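In: sequence? don't have it. structure:
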């Protein structure tokens with residue numbers, strides 16, 4: 001009977017260890033993806049500033065003020081939407097991963113504790 005309890009404890013330990021290690025295997029990918037989203041936001045801001053400055057620098061003799069204003073509004077709208085989209089993706093991905101990672105670690109620690117307890121009980125029963 002004791003060896004079965006010990007074997008069950010080992011099984012709980014293996015499962016618990018995998019749950020605790022979840023962040024090691026998946027955390028880098030999520031953190032890397034959030035860095036990509038942050039870089040996208042910075043790039044979109046930079047492009048928006050560049051294009052808006054370029055529009056302002058267009059010669060008035062070739063481009064009337066109304067056309068420049070329309071182009072500026074279109075650029076502002078397009079790149080602001082792109083920035084907001086990247087920001088939402090970053091916040092969603094990271095917060096969902098943080099919640100899942102914490103819960104998996106908590107369950108993993110509980111399983112490890114249960115597994116070690118079962119192993120101890122199994123050894124004590126065997127003797």
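Out: On my side now, so go ahead. This is a predicted model, so every value here is computed, not measured. Numbers count the residues shown, from 1 in each chain.
In: next, residue 62: phi, psi?
Out: phi -100, psi -30 (degrees, to the nearest 10).
In: host element of the most centrally placed residue in the chain?
Out: Centroid-nearest residue in the chain: residue 94, 3.0 Å away (criterion: C-alpha atoms, centre = their mean). Residue 94 belongs to helix 65-126 when assigned by DSSP states H and E.
In: helices or strands up against that helix?
Out: helix 2-20, helix 22-56 (3 or more C-beta pairs under 8 Å, 6 or more residues apart in numbering; DSSP states H and E). Using the backbone N, CA and C atoms, a C-beta is placed for each residue, glycine as well.
In: okay, the angle between the longest one and helix 2-20?
Out: When axes from the mean of the first three to the mean of the last three C-alpha atoms, to 10 degrees is applied, the directions of helix 22-56 and helix 2-20 differ by 10 degrees.
In: any buried residues in helix 22-56, and which?
Out: Residues of helix 22-56 classed as buried by neighbour count (16 or more other C-beta atoms under 10 Å): 22-23, 30, 34, 37, 40-41, 44, 48, 51-52, 55.
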